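[1] how does the following fold in three dimensions:
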Amino acid sequence: MSFQNPVFIPGPTNMPEALRKACDMPTIDHRSPIFGKILHPCLDGVRQVLKSESANIFIFPSTGTGGWETALTNTLSKGDKVLAARNGMFSHRWIDMCQRHGLDVQVVETPWGQGLPADRYAEILKADKNHQIKVVLATHNETATGVKSDIGAVRKALDAAGHPALLFVDGVSSIASMDFRFDDWGVDVAVTGSQKGFMLPAGLAIVGFSDKAVAASKTADLPRTFFDIKDMQNGYNANAFPYTPPVGLMNGLKMSLDMLLDEGLENVFARHHRIATGVRQAVSAWGLELCAASNDLHSDTVSAIRTPDGFNATDIVTHAADVYGVAFGVGLGEVAGKVFRIGHLGSLTDVMMLSGIATAEMCMADLGLDITLGSGVAASQQYYRANPATAHQTAA
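    Below you'll find the predicted structure:
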């Protein structure tokens, strides 16, 4: 690999130099008032990114997986019933975590490449007359398949059934890159991490809790210590963590939030959509298809690209790394060897993306696929020229 080339994996993402420098800071006394000047702007900024007026924000030294565990252990008790669809590797892993914690998971098996089955959720919730289901899990953006699901439709299913279950949403690869509406969608817990839309190294689990979810924590009996939101809130009230905080990462998050909010959230979303559309134009020009089954499911942060039957898509990723020093994402789980993934989120521009598209073309041509060099690049160029970035839609 080459440190000079941008990465095109769906996270960790490229880091702006200013954020790298913000993370590289002298040691401070994390129990002094100066830490509060880092902490509270982070909490307020994340709340704005979630488009919430009242979400309770918690930031743990962890990753998105730790955020999943935070959601479960603070709100549920052993044996509680959870409803979830398995439509990709990351929904599968959250289900697996539930089962390891002794929860009763009703799994709706869903083809990989499809979105969450809100209609099926509605049927199950309506049939649950005794309200045994305590939580509905939803993966907003399935990173393994490049599929975006309609969280608003899941909320409507809950409301139509008059069901009190909590709604937990994995927004790890969507939040801070794609429109996320905590309040409007009635989300009870949103989970994300520092290493994707926030353009930072891995190391922070970022979660938002509704008041209803916080209330559930008072009776939940799953064991928790490190991820206890009560302990964390008590720490925040004293401008501190209940243990040593990752000060450098928090300082980076503070600057990341400033950059995102200065660009404007709608501009951030538009930038991601424009860059992603350019990638989709290239895929079409190559004569290939996305894993996502329909246009409305296309993710604006990652594209999972199907290769012809009999061709090992992982070879493209290996070849790109070995020959051109460029990183793409491999297929995971059921689509391993069937797709390769291009991440297009975080700190990225049209020009950077064109270099990734060009590299993918060279790899596929090198490996014998029927790809005309320049075809995908030209299709993307035409789209980017016709839809130029505004002054406020440049990479953060």
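[2] residue 374 contacts residue 362, doesn't it?
    No. Contact between residue 374 and residue 362 fails when scored by CB atoms under 8 Å: they sit 10.2 Å apart. Backbone N, C-alpha and C define where each C-beta goes, glycine included.
[3] secondary structure element holding the residue nearest the centre of the chain?
    Geometric centre of the chain, nearest residue: residue 173, 1.5 Å, by CA atoms, centre = their mean. When elements are defined using DSSP states H and E, residue 173 is found to belong to no helix and no strand.
[4] and the helix ranked longest in the chain, what's buried?
    In the chain, ranked by residue count with DSSP state H as the criterion, the top helix is helix 265-286. Along helix 265-286, these residues count as buried under the neighbour rule (16 or more other CB atoms under 10 Å): 267-283, 285-286.
[5] run the chain-centre distance for stretch 31-39.
    For stretch 31-39, the gap between its own C-alpha mean and the chain's C-alpha mean amounts to 28 Å (CA atoms, centre = their mean, to the nearest Å).
[6] what is the mean pLDDT for that stretch?
    Over the span of stretch 31-39, the pLDDT mean works out to 94.
[7] show residues contacting it.
    By CB atoms under 8 Å, 6 or more residues apart in numbering, the surrounding residues in contact with stretch 31-39 are 28, 29, 236, 239, 240, 245, 247, 250, 251, 254.
[8] again, only this time at 10 Å
    Contacts to stretch 31-39, defined as CB atoms under 10 Å, 6 or more residues apart in numbering, come from residues 22, 25, 28-30, 59, 235-236, 238-241, 244-245, 247-248, 250-255.
[9] still on that earlier bit, for residue 374 and residue 362, indicate the residue with more neighbours.
    The residue with more neighbours, out of residue 374 and residue 362 and counting by other CB atoms under 10 Å, is residue 362; that gives 17 against 12.
[10] for the more buried one, which three-state class applies?
    When classified by DSSP: H, G, I helix; E, B strand; the rest coil, residue 362 comes out as helix.
[11] that one touches residue 372, doesn't it?
    No. With contacts defined as CB atoms under 10 Å, residue 362 does not count as touching residue 372, sitting 11.8 Å away.
[12] can you pull out the strands in the stretch 151-300 of the chain?
    In the stretch 151-300 of the chain, strands defined by DSSP state E, counting those that start in this stretch lie at 166-170, 189-193, 204-209, 289-290, listed in chain order.
[13] want to throw those into a markdown table with mean neighbour count and mean pLDDT?
    Written out in a markdown table, the entries for those read as follows (neighbours: other CB atoms under 10 Å; pLDDT from 0 to 100):
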| stretch | mean neighbour count | mean pLDDT |
| --- | --- | --- |
| strand 166-170 | 26 | 98 |
| strand 189-193 | 30 | 98 |
| strand 204-209 | 28 | 98 |
| strand 289-290 | 18 | 98 |
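[14] of all those, which one is nearest residue 367?
    Set against residue 367 and scored by CB to CB, those come closest in strand 289-290, at 17.9 Å.
[15] could you list every helix and strand in contact with that closest one?
    Applying 3 or more CB pairs under 10 Å, 6 or more residues apart in numbering; DSSP states H and E, one finds that strand 289-290 contacts helix 265-286, strand 302-306.
[16] who are the neighbours in contact with the nearest residue to residue 209 once chain neighbours are set aside?
    Counting by CB to CB, 6 or more residues apart in numbering, residue 209 lies nearest to residue 56, which is 4.4 Å off, once chain neighbours are set aside. Applying CB under 10 Å, 6+ apart, one finds that residue 56 lies in contact with 43, 47, 189, 207-211, 213-214, 217, 229, 232-233, 236.
[17] pLDDT below threshold where in the chain?
    Judged by pLDDT under 70, the chain has its weakly predicted residues at 1, 391-396.
[18] on that earlier part again, right, and the residue nearest to the centre of the chain touches residue 198 too?
    No. Between residue 173 and residue 198 no contact is recorded; they are 11.4 Å apart, counting by CB under 10 Å.
[19] give me the common contacts of these two.
    Counting by CB under 10 Å, 6+ apart, the shared contacts of residue 173 and residue 198 are 11, 13, 192.
[20] could you pull up phi and psi at the second one?
    Listed backbone geometry of residue 13 is phi -100, psi 170, with angles given as degrees, to the nearest 10.
[21] hmm, back to that, out of the shared contacts of residue 173 and residue 198, which is nearest to residue 335?
    The nearest member of the shared contacts of residue 173 and residue 198 to residue 335, counting by CB to CB, is residue 11 at 17.5 Å.
[22] residue 345 versus the nearest residue to the closest one once chain neighbours are set aside, what's the distance?
    Closest residue to residue 11 in three dimensions, ignoring its sequence neighbours and counting by CB to CB, 6+ apart: residue 196, at 4.0 Å. Using CB to CB, to the nearest Å, one gets 6 Å for the distance from residue 196 to residue 345.
[23] same deal with residue 109?
    28 Å.
[24] these two: which is more packed in?
    The neighbour count for residue 109 versus residue 345, taken as other CB under 10 Å, is higher for residue 345 (29 against 8).
[25] wait, what's in contact with the more buried one?
    With contact taken as CB under 10 Å, 6+ apart, residue 345 is in contact with 8-11, 13-14, 141, 143, 173-174, 176-178, 196-197, 199, 271-272, 275-276, 299-302.
[26] perfect, I'm done here.
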